[in-house]
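Undergrad: coordinates only, sequence not included:
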Ligand code: BTN
């Protein structure tokens with residue numbers, strides 16, 4: 001059972017925090033709360049999810065006891081830098097601070113450790129606010145992640161409540177941070193920088209080299225036709241799917 005007091009202690013200031021043993025999806029539950037009129041900035045965590053949601057209609061495996069499944073209800077940022085970019089930065093900072101591990105960011109918001117995806121982020125809009133969902137595999141479940149060979153875990157002794165509280169702290173801090181400082185942290189950890197990728201545009205597969213990320217979090221790629229900015233869509237490198245901006 002997750003303990004709200006421990007999360008609050010790690011967070012270091014007061015915020016409505018709710019922990020559930022099991023739920024379908026913390027993102028869904030928080031959207032429901034917001035639609036019902038509870039528009040407070042708040043954190044909802046679960047020990048497991050039965051219908052964890054991933055990007056592009058995928059599911060996010062959420063077994064009990066080994067992972068972090070948390071959602072924050074937040075105001076929409078006004079400076080154009082997507083929440084998903086901020087969240088990727090916040091999770092990297094937390095994992096460096098608490099576990100001493102350095103993660104890589106695969107555009108736009110998948111986090112990797114030693115070639116394995118350990119964290120996924122899903123931001124969804126609701127009533128002019130945003131629900132920011134973060135799934136982090138802290139330790140490997142007994143049965144692994146069946147059917148998801150790319151999935152890995154931090155494999156750390158750090159406790160989940162501390163990680164949850166610190167992630168929430170760092171996410172909220174990025175909302176007050178200058179976008180360029182957030183982006184420079186992000187750029188230093190980019191997995192795809194300088195790599196050749198493929199992406200689909202109007203049904204056509206295109207090759208490109210990743211050159212960086214622009215001020216709005218778009219992926220800058222060099223194609224035969226010149227520089228392009230990818231803001232949405234699927235891109236892949238080797239056999240790996242690469243995230244898109246939402
Ligand atoms: C992805 O990798 O495609 C995004 C995964 C996001 C998973 C988190 S777990 C907490 C929150 N609740 C959900 O249903 N999804 C997000």
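TA: Thanks, I have the structure now. Quick caveat, the model's predicted, so the values are computed rather than measured.
Undergrad: in this protein, what residue is nearest the ligand?
TA: Closest approach between the chain and the ligand, counting by C-beta to the nearest ligand atom: residue 120, at 2.0 Å. The way it works is simple: take the backbone N, C-alpha and C, and place the C-beta from them, glycine included.
Undergrad: what's the helix or strand for that residue?
TA: Secondary structure from DSSP states H and E places residue 120 in strand 116-126.
Undergrad: is the spatially most central residue of the chain bridged to anything, and to what?
TA: Against the mean C-alpha coordinate of the chain, by C-alpha atoms, centre = their mean, the closest residue is residue 121 at 2.5 Å. When assigned by DSSP bridges, residue 121 has beta-bridge partners residue 134.
Undergrad: and it, what is it in contact with?
TA: 84, 87, 88, 91, 109, 110, 111, 132, 133, 134, 135 (C-beta atoms under 8 Å, 6 or more residues apart in numbering).
Undergrad: do that again at 7 Å, thanks
TA: When contacts are counted by C-beta atoms under 7 Å, 6 or more residues apart in numbering, residue 121 touches 84, 87, 88, 109, 133, 134.
Undergrad: show the pLDDT at it.
TA: With respect to pLDDT, residue 121 has a value of 96.
Undergrad: kindly report the same for residue 56.
TA: For residue 56, the predicted pLDDT is 83.
Undergrad: ramachandran coordinates for it?
TA: The phi and psi torsions at residue 56 (degrees, to the nearest 10) take the values phi 50, psi 40.
Undergrad: how many neighbouring residues does it have?
TA: Neighbour count of residue 56, defined by other C-beta atoms under 10 Å: 10.
Undergrad: same check on the one 4 residues further on?
TA: The number of residues packed near residue 60 is 21, by other C-beta under 10 Å.
Undergrad: also residue 95?
TA: Using other C-beta under 10 Å as the criterion, the residues surrounding residue 95 number 26.
Undergrad: surely it meets residue 104?
TA: No - using C-beta atoms under 7 Å, residue 95 makes no contact with residue 104, being 11.1 Å away.
Undergrad: circling back to that earlier point, could you check how far the residue of the chain closest to the ligand is from residue 206?
TA: Distance check for residue 120 against residue 206: by C-beta to C-beta, to the nearest Å, it reads 25 Å.
Undergrad: ditto for residue 26
TA: For residue 26, the distance to residue 206 - C-beta to C-beta - is 36 Å.
Undergrad: ok, residue 149 next?
TA: Separation of residue 149 from residue 206 (C-beta to C-beta): 26 Å.
Undergrad: the more surrounded of those two?
TA: residue 206 (17 against 11).
Undergrad: isn't there a helix covering the more buried one?
TA: No - judged by DSSP: H, G, I helix; E, B strand; the rest coil, residue 206 forms no part of a helix; its state is strand.
Undergrad: could I get the contacting residues of it?
TA: 198, 199, 223.
Undergrad: show me what it is bridged to.
TA: Beta-bridge partners, per DSSP bridges, of residue 206: residue 199.
Undergrad: tell me the pLDDT at it?
TA: 89.
Undergrad: how close does it sit to residue 142?
TA: Using C-beta to C-beta, residue 206 is found at 42 Å from residue 142.
Undergrad: do residue 118 as well
TA: When distance is defined by C-beta to C-beta, residue 118 is 17 Å away from residue 142.
Undergrad: who has more neighbours out of the two?
TA: Legend: neighbour count by other C-beta under 10 Å for residue 118 and residue 142, higher for residue 118 (25 against 8).
Undergrad: hang on, that one packs against residue 155?
TA: No - the criterion here is C-beta under 7 Å, and residue 118 misses it with residue 155 at 9.2 Å.
Undergrad: which parts of this protein sit against the ligand?
TA: 25-27, 49, 52-55, 58, 60, 69-71, 120-122, 133-135 (C-beta under 6 Å from any ligand atom).
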